[in-house]
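Next one to model:
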Amino acid sequence: MRGFFGMLCAAFCAAVFAAPPAHAEFDLRIDIVQTPDDLADALRASSLIVQAQREGKGDPQDILAAAQADYARLVGVLYEHARYGASVSVLVDGREAAGISPLNTPSDIRQVQVRINPGPPFVFGTAQIGPIAAGTELPTGFRAGAPGAVSTIRETAQTAVDGWRAIGHAKAEIATQSLVARHDQARIDAKIRLAPGPVLSFGTVSVEGNSATRTARILKIAGLEEGRRYDPKEIEKAAARLRRTGSFSSATIEDAAEIGPGDSLPLTIGVVEATPRRIGFGTEYSTVEGLSLSGFWLHRNFLGGAERFRVDGEVTGITGETGGTDYSFGARYERPATPKADTDFFAELSFEALDEPDFTSDTSEFTLGFTRYATDILTVEAGVGYLYSDITDDFGSDVFSLITLPLAAELDRRDDPLNPSKGYFADLAITPFAGLSGTSDGAQMTFDGRAYHQAGKLTFAGRFQLGSLFGPSLEDSPAIYRFYSGGGGSVRGQDYQSLGVTQGAATTGGRSFLGLSAEARLQVTDNIQVVPFIDWGYVGPESFPDFSGDSHSGAGIGVRYHTGIGPIRLDLATPVSGRTPASDFYIYVGIGQAF
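Residues are numbered from 1 along each chain as shown. Down below sits the predicted model:
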């Protein structure tokens, strides 16, 4: 008996714990009658049964589910290509998949055959939509004789509704629509009637989802004024303003379902507050400039009104051959929507101790100002500040005390700030200053322009830099306002700040700077780029470059490895022209593209 029960238990365990039977991969055959290549490719790309075979699926339930879902998917693609007389058949081992009950799935599936007869392309016989709001530009393809694709009908209807919404008719909608396919003529008649509804104004605005941020501040930042005519672009701007503060990981604005009193439309702002505190660290290394370490601490809702308070610290020149070690520390406070939406108030305090090859300085600066977000791509800034600097250079020691009026404008049309491949970027800064001691009145101007163009796997990147110092002579100007060239930020392959000007026995920075850089970024794999580059720099004693000064250049090749936080950069550079540097080659390592 014991042996009998033992065999019985073994058989039971084998039945319970045995692995499910393996299913062989199925054969797939696709027959498409007289179809253009683009349509055939679109049909295959949308097919779940094609995807199932590509992934090696053999489970009959998976195969049948994919086959049954393909009817709607394939017909949808055919309608997008104006094929309304098409026929689709999906045979599973000779049986139409639509007729097989999911409760009676075959134990094994050997073959799937997809038969598609697209039929003739249909054109619009009638293409009518109305009424249309003034100034609305409908898609050109919605006209008699043009291909009658579903996508064209859908786009036309949405464009017409958006046209009414853009002039205040927030509840505009499609009232009726008639789509008639005339198979004997291979044409489709489309008639759409719109209901614009009344012109509405912004009603009461409520806020949901906030706990740490005051409701009044959210409303001020959004900038939606009750009583103004409804404008969907203003709603988009309001949501963008809230996200721009960094205090919210999500910000949405929804219209009420019903119209309020006096043809007003109540709105609801929904926010998800972001984690308020954030810290970050960075590092960069050059064989000559040495190691740089940086870090910051950020609070994104400092006083409960979506204010930003950021503290930065940086140490550069560690183990470098460019003078000594430099230290900087700064704190910046920003209050959005002050005094109104799209304008932020800021207060900034910084301290800097520099031990450069040609001078040493201890500088402190305090600035108050405003940042204006003029458009989605243009930001301007203006302020007033006080600068104090104790400087020792070849001209001797001096103390500079200045009242500054910093002005800046930034235009950014890059597709990706961390790794751009298209677009352009321009940054212009002009700082007029009044000399209280140590120097006369003057101004410093800097410009940084960058452009990017992608051609297949190759991205061309170019950079133009310009700097000018007006007013005081070289001897009377603050050394921190003078210009040098050489190193990772200007000319790779040259010593850090190796190019300046010589005036008598003094070597110092110039009053003008001109820099040109070019890179060709070749995408070798999804994550790796190879980047040959060349840089050129000029420094002169005059306020604007007239090429009476000196220039130098460097070139090399680099590698970029793309990560989730930006590309890791490794550049190897060598001098090409100019004074003989301290090294034959230089290595630069950092995060992000060089420009």
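
Am I right that G467 is in contact with D448?
No. In terms of Cβ atoms under 8 Å, G467 does not count as a neighbour of D448; the distance is 9.4 Å. Placement of C-beta: from N, CA and C, glycine included.

Of those two, give the one with the bigger neighbour count.
Each of G467 and D448 had its neighbours counted (other Cβ atoms under 10 Å), and the higher figure belongs to G467 (25 against 17).

Can you give me the pLDDT of that one?
The score at G467 is 97. That number is its pLDDT.

Apart from its chain neighbours, what residue comes closest to it?
Of all residues not flanking G467 in the chain, F513 sits nearest, at 3.7 Å (Cβ to Cβ, 6 or more residues apart in numbering).

is it fair to say that neighbour lies in a strand?
Yes. Counting by DSSP: H, G, I helix; E, B strand; the rest coil, F513 is located in a strand.

Spatially central residue for the protein, please.
Ranked by distance to the mean C-alpha position of the chain (Cα atoms, centre = their mean), the top residue is D416 at 4.2 Å.

Could you point out the helix or strand that follows the helix or strand encompassing A382?
Using DSSP states H and E, A382 maps to strand 378-393. The helix or strand immediately downstream of strand 378-393 is strand 396-404, counting by DSSP H and E.

Okay, strands next: where are they in the stretch 251-400 of the chain?
Taking DSSP state E, counting those that start in this stretch as the criterion, the stretch 251-400 of the chain contains strands spanning 264-273, 277-286, 290-299, 308-318, 326-335, 343-355, 359-373, 378-393, 396-404.

again with the stretch 51-200 of the chain
Along the stretch 51-200 of the chain, the stretches classed as strands by DSSP E, counting those that start in this stretch are 87-92, 95-96, 111-117, 123-130, 173-182, 187-195.

Output the contacting helices and strands for the last one.
For strand 187-195, the elements it packs on are strand 123-130, helix 150-166, strand 173-182, judged by 3 or more Cβ pairs under 8 Å, 6 or more residues apart in numbering; DSSP states H and E.

can you pull the buried residues of that strand?
R187, I188, D189, A190, I192, L194 (16 or more other Cβ atoms under 10 Å).

quick one on the thing from earlier: among the strands of the stretch 251-400 of the chain, which comes closest to Q593?
strand 277-286 (12.8 Å; Cβ to Cβ).

picking that back up, isn't the residue nearest to G467 right up against P541?
No. With contact defined as Cβ under 8 Å, F513 and P541 do not form a contacting pair (11.4 Å).

what about the two, which has more around it?
Using other Cβ under 10 Å, the more surrounded residue of F513 and P541 is F513, with 25 against 19.

How about the contacts made by that one?
The contact partners of F513, by Cβ atoms under 8 Å, 6 or more residues apart in numbering, come to 465-468, 483-485, 490, 537-540, 545.

mind giving me the domain split of this structure?
The record's domain parsing of the chain by automatic domain parsing lists 23-117, 123-195, 201-273, 277-591.

And the helices in the protein, which stretches?
Under the criterion DSSP state H, the chain carries helices at the ranges 2-17, 37-46, 48-54, 60-80, 150-166, 215-222, 232-244.

okay, those in CSV with mean pLDDT and mean neighbour count next?
Converted to CSV, those look like this (pLDDT from 0 to 100; neighbours: other Cβ atoms under 10 Å):
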stretch, mean pLDDT, mean neighbour count
helix 2-17, 40, 9
helix 37-46, 92, 14
helix 48-54, 93, 18
helix 60-80, 94, 19
helix 150-166, 96, 18
helix 215-222, 97, 20
helix 232-244, 96, 18
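
Buried ones in stretch 137-147, by neighbour count?
L138, P139, G141, F142.

Same question for stretch 511-521.
Within stretch 511-521, the residues that qualify as buried by neighbour count (16+ other Cβ under 10 Å) are R511, S512, F513, L514, G515, L516, S517, E519, A520, R521.

tell me which of the residues you listed is nearest to G163?
Distance to G163 across the buried residues of stretch 511-521 (Cβ to Cβ) is lowest for R521, with 41.6 Å.

Could I get the contacting residues of the nearest residue to the closest one once chain neighbours are set aside?
If you skip the residues right next to it in sequence, R521 has T459 as its closest partner in space, 4.2 Å away by Cβ to Cβ, 6+ apart. T459 makes contacts with S421, Y452, H453, A520, R521, Q523, as judged by Cβ under 8 Å, 6+ apart.

Okay, the first one and I568: tell me how far apart.
Which is S421. Counting by Cβ to Cβ, to the nearest Å, the separation of S421 from I568 is 17 Å.

rewinding a little: so what sits opposite the residue nearest to G467 in the bridge?
Under DSSP bridges, the beta-bridge partners of F513 are G467, V539.

okay, it: pLDDT?
On pLDDT, F513 comes in at 97.

Same check on the one 4 residues further on?
Per-residue confidence at S517 stands at 98 (pLDDT).

List the buried residues of stretch 535-543.
Counting neighbours by 16+ other Cβ under 10 Å, one finds that the buried residues in stretch 535-543 are D535, W536, G537, Y538, V539, G540, P541, E542, S543.

Stretch 342-353 too?
Within stretch 342-353, the residues that count as buried by 16+ other Cβ under 10 Å are D342, T343, D344, F345, F346, A347, E348, S350, E352, A353.

With adjacent residues omitted, what lies nearest to the fifth one?
What that stands for is F346. What sits nearest to F346 in space, not counting adjacent residues and going by Cβ to Cβ, 6+ apart, is E334, at 4.8 Å.

what sits opposite the one you found in the beta ladder?
Those that pair with E334 in a beta bridge, by DSSP bridges, are R308, F346.

Quick check, P357 in contact with G320.
No. Applying Cβ under 8 Å as the test, P357 and G320 come out as separate, 10.2 Å apart.

Mind checking which of those two has more residues around it?
Taking neighbours as other Cβ under 10 Å, P357 and G320 compare with G320 leading, 19 against 16.

Would you check how far apart the closest residue to F296 other than its chain neighbours and F329 are?
Beyond its immediate neighbours in the sequence, the residue positioned closest to F296 (Cβ to Cβ, 6+ apart) is D312, lying 4.7 Å away. In this structure, D312 and F329 are separated by 7 Å, where distance is defined by Cβ to Cβ.
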